[in-house]
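Colleague: 3D model of this:
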Amino acid sequence: MNSFAEHPTYVIGHKNPDTDSIAASIAYTYLKRQKEPDQNFIAARCGNISSETQYVLDRFGVKPPRFIGDVRTQVRDMEMRRINGVPENMSLKDAWEIMKEHKVVTLCITEGKRLSALITTGDIMESYMGSYEANTLSDAKTSYANIVATLDGVMLVGEVGDVQTEGKVLIASGTPDAMEEQIAPHDIVILGNRYDTQLCAIEMEADCIIICGGAKVTESIKKLASEKGCKIIVTPHDTFTVARLIYQSMPIRYFMRSKDLQTFKADDYIEDVLPIMASTRHRYFPVVDAAGNYKGMVSRRNFLGASKKKVILVDHNEKAQAVNGIESADLLEIIDHHRLGTVTTSKPVFFRNQPVGCTCTIIYQMFWDEGIDIPKDIAGLMLSAIISDTLLYRSPTCTNADRVAGEGLARIAGVDPEELAKAMFKAGSNLGDKTATEILHQDFKKFTAGKHTIAVGQISTMDANEVETIKAQVQPEMDKIREQDGVDLLFFMVTNILRESSDVLFSGNGAEVILEAGFNVTSRDHKGVYLPGVVSRKKQMVPIITETMR
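Modeller: Numbers count the residues shown, from 1 in each chain. Model (predicted):
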């Protein structure tokens, strides 16, 4: 069975995550862990972290959420048979016993942790039904440890760790004179309690004599065998049973299949695996990790018990913004402050959506409602998210609830919001060696408007000179970026926080007309428009764009 740790619930924000998306993921994960300590909640992200957000994480000493690029069901989400791998020198008999005990038809053979080969009940049955040459035991390099164990015997003389590499197996059924014609050096001789036949086999330089029926062995035979280098095994079984069992001592290495193995990786998606299973006769398939280490086995039946990944969405509810594969996941909750989007569910979910400026404001209220204290580092993250989303309370999306939350979080974190805002926005607008595509996608969201897909990126700065620098770098690449992103209309807001305005670049058929008509402005050289008083993508840009398109 899969363990507790393998069935987590991922708390994840949108693609191209901003500070609110990352902070909300971390903060809500902490809240859920406090409320449900027996469950495994993991903060996750499905995009790269922006410079602004990285500054905030570094400042408050918090690790970024785990990257999860796709939440489709994987092989690791299936119920695996956790049967240990077996060594290649295991006997056929022992392998058969393990298969019967676990009711499986396949065993995985490993070297250390790595998968090396397979053996099936069909392979073993074929070995049982086959006719053996007399020297098959030595050809298979059978260990005496296997022979002793298979015959339920005891080695009286010799080293049980040795391996039979030469000679044949025969039954001594005639007189000593006849035996001299049959026995060659290095043979294994099956015989009874007759002293003369035992003596003859040793004198003929047999490697081992197997004495059946639990007969006692004289000290003189033991001494002579030791001097001649002949092993002595005593077994309680009769001669017929020994002759039947001894070939079951051969190592599975002699029958295993090590080429063209059909394996699955734990990270494979089951929708890719199913056609392969359906077209292959095998009932069980080994699962390995990325390094080739054996993890377990799965069968077609295990598909019925495959667990969908459990997901909580924060800071979005648009399918275009959600992690890949969201339609295949088990969506449990949505915590958001945006318009209702296109994410659909197959069952009722907990959905908290409030018209506030930041998701972390909602999560702050949820901490308050539950009476759970907010740690200092998480308070710093949440405050940063509110500052970022409300542009330090200057955005029209900002509400009194955002200000109350921000003041409370500032006290807990022990920071000055003004100083934090300046440092955050400076880090966010620091272009460094970023490409135009990287700059535009730092805070980037897709929306649907009828049959059209639109995307709006935004970057904020408190330096008027940076506005022109950013525009000059991004504007020539707008058309190429739009085509790469596969959207109909692309807009990029360069927001000056101190002037409370945005320069908006655009690309796509009709984008210029939409901006001019929607905001009653005239474009500058058909490259961009200046929008005084417009700083919010959510409350000012997207609603006017979508309404104008209608």
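Colleague: The stretch 401-550 of the chain: strands as residue ranges?
Modeller: 444-449, 452-461, 489-496, 501-507, 528-532 (DSSP state E, counting those that start in this stretch).
Colleague: Would you format these as JSON lines with mean pLDDT and mean neighbour count included?
Modeller: In short, each C-beta sits where N, CA and C put it, glycine included. Shown next, in JSON lines, are the strands of the stretch 401-550 of the chain (pLDDT from 0 to 100; neighbours: other CB atoms under 10 Å):
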{"stretch": "strand 444-449", "mean pLDDT": "86", "mean neighbour count": "20"}
{"stretch": "strand 452-461", "mean pLDDT": "90", "mean neighbour count": "22"}
{"stretch": "strand 489-496", "mean pLDDT": "94", "mean neighbour count": "24"}
{"stretch": "strand 501-507", "mean pLDDT": "94", "mean neighbour count": "23"}
{"stretch": "strand 528-532", "mean pLDDT": "94", "mean neighbour count": "18"}
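Colleague: which one of the ones you listed lies closest to residue 9?
Modeller: The minimum distance between residue 9 and these falls on strand 444-449, with 24.0 Å, by CB to CB.
Colleague: if I look at the residue most central in space within the chain, how far off is residue 541?
Modeller: What sits nearest the mean C-alpha location of the chain, by CA atoms, centre = their mean, is residue 267, with 4.8 Å. Going from residue 267 to residue 541 by CB to CB, to the nearest Å gives 38 Å.
Colleague: now swap in residue 372 and tell me
Modeller: In terms of CB to CB, residue 372 sits 35 Å off from residue 541.
Colleague: For these two, indicate the residue with more neighbours.
Modeller: residue 541 (24 against 13; other CB atoms under 10 Å).
Colleague: Tabulate the CA atom coordinates of stretch 399-406 in PDB.
Modeller: What follows is stretch 399-406, C-alpha atoms only, in PDB (Å, rounded to 0.1, in the frame of the first residue of the first chain):
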ATOM      1  CA  THR A 399     -10.500  47.300   0.900                       C
ATOM      2  CA  ASN A 400     -10.700  48.100   4.500                       C
ATOM      3  CA  ALA A 401     -10.200  44.400   5.200                       C
ATOM      4  CA  ASP A 402      -6.900  44.500   3.400                       C
ATOM      5  CA  ARG A 403      -5.700  47.400   5.500                       C
ATOM      6  CA  VAL A 404      -6.800  45.700   8.700                       C
ATOM      7  CA  ALA A 405      -5.000  42.500   7.800                       C
ATOM      8  CA  GLY A 406      -1.900  44.400   6.700                       C
END
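Colleague: Now it: average pLDDT?
Modeller: Per-region confidence: stretch 399-406 scores 97 on mean pLDDT.
Colleague: what sits against the spatially closest residue to residue 55 that is not a sequence neighbour?
Modeller: The spatially closest residue to residue 55, leaving aside those adjacent along the chain, is residue 427, at 3.6 Å (CB to CB, 6 or more residues apart in numbering). Residue 427 is in contact with 51-52, 54-55, counting by CB atoms under 8 Å, 6 or more residues apart in numbering.
Colleague: can you put the residues you listed in a markdown table and add distance to residue 12?
Modeller: As requested, the contacts of residue 427 are arranged in a markdown table below (distance: CB to CB, whole Å):
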| residue | distance to residue 12 |
| --- | --- |
| 51 | 21 |
| 52 | 19 |
| 54 | 18 |
| 55 | 21 |
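Colleague: how about the helices of the stretch 1-150 of the chain, start to end?
Modeller: Taking DSSP state H, counting those that start in this stretch as the criterion, the stretch 1-150 of the chain contains helices spanning 19-35, 51-60, 92-102, 121-129, 136-139, 144-150.
Colleague: Turn those into CSV, including distance to residue 442, mean neighbour count and mean pLDDT.
Modeller: Formatted as CSV, the helices of the stretch 1-150 of the chain follow (distance: least, CB to CB, whole Å; neighbours: other CB atoms under 10 Å; pLDDT from 0 to 100):
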stretch, distance to residue 442, mean neighbour count, mean pLDDT
helix 19-35, 10, 25, 98
helix 51-60, 7, 21, 95
helix 92-102, 53, 16, 92
helix 121-129, 57, 14, 78
helix 136-139, 67, 19, 88
helix 144-150, 64, 21, 95
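Colleague: And these: which comes nearest residue 377?
Modeller: helix 51-60 (4.5 Å).
Colleague: Show me what that closest one is packed up against.
Modeller: helix 19-35, helix 376-390, helix 417-428 (3 or more CB pairs under 8 Å, 6 or more residues apart in numbering; DSSP states H and E).
Colleague: Among these, which comes closest to residue 329?
Modeller: Per CB to CB, nearest to residue 329 of these: helix 19-35, 15.3 Å.
Colleague: quick one, that closest one and strand 444-449 angle?
Modeller: 90 degrees (axes from the mean of the first three to the mean of the last three CA atoms, to 10 degrees).
Colleague: Just want the angle from helix 19-35 to helix 376-390.
Modeller: Going by the same axes, to 10 degrees, helix 19-35 makes 140 degrees with helix 376-390.
Colleague: got the helices of the stretch 1-150 of the chain as TSV, with distance to residue 314 columns?
Modeller: Formatted as TSV, the helices of the stretch 1-150 of the chain follow (distance: least, CB to CB, whole Å):
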stretch	distance to residue 314
helix 19-35	4
helix 51-60	14
helix 92-102	43
helix 121-129	50
helix 136-139	64
helix 144-150	58
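Colleague: wait, which of the ones you listed is closest to residue 395?
Modeller: Proximity to residue 395, assessed across the helices of the stretch 1-150 of the chain by CB to CB, is greatest for helix 19-35 (12.0 Å).
Colleague: which helices and strands sit right next to the closest one?
Modeller: strand 9-12, strand 41-45, helix 51-60, strand 310-314, helix 359-370, helix 376-390.
Colleague: Can you list phi and psi of residue 241 for me?
Modeller: phi -60, psi -40 (degrees, to the nearest 10).
Colleague: how much space between it and residue 172?
Modeller: 16 Å.
Colleague: quick one: residue 288 and residue 488, what's the gap?
Modeller: For residue 288 relative to residue 488 (CB to CB), the value is 43 Å.
Colleague: Between these two, tell me which one has more neighbours.
Modeller: Neighbours were counted for residue 288 and for residue 488 using other CB under 10 Å; residue 288 has more, 21 against 18.
Colleague: What residues are bridge-paired with that one?
Modeller: residue 265, residue 294 (DSSP bridges).
Colleague: what does residue 493 give?
Modeller: Residues in beta-bridge contact with residue 493 (DSSP bridges): residue 458, residue 504.
Colleague: was I right about it contacting residue 515?
Modeller: No: Residue 493 is beyond contact range of residue 515, at 11.0 Å (criterion: CB atoms under 8 Å).
Colleague: Now the common contact residues for the two.
Modeller: Contact with both residue 493 and residue 515 is made by residues residue 504, according to CB under 8 Å, 6+ apart.
Colleague: how about the strands of the stretch 201-350 of the chain, start to end?
Modeller: 208-211, 231-234, 264-265, 284-288, 294-299, 310-314, 330-336, 350-353.
Colleague: who wins for proximity to residue 42 among those?
Modeller: The nearest among these, by CB to CB, is strand 310-314 at 9.9 Å.
Colleague: strand partners of the closest one, parallel vs antiparallel please.
Modeller: In its sheet, and by DSSP bridges, strand 310-314 pairs with strand 9-12 (parallel), strand 330-336 (parallel).
Colleague: Run through the neighbouring helices and strands of the worst-scoring helix or strand of the chain on mean pLDDT.
Modeller: None of the helices or strands of the chain scores lower by mean pLDDT, DSSP states H and E than helix 121-129, at a mean of 78. Contacts defined by 3+ CB pairs under 8 Å, 6+ apart place helix 121-129 against helix 92-102.
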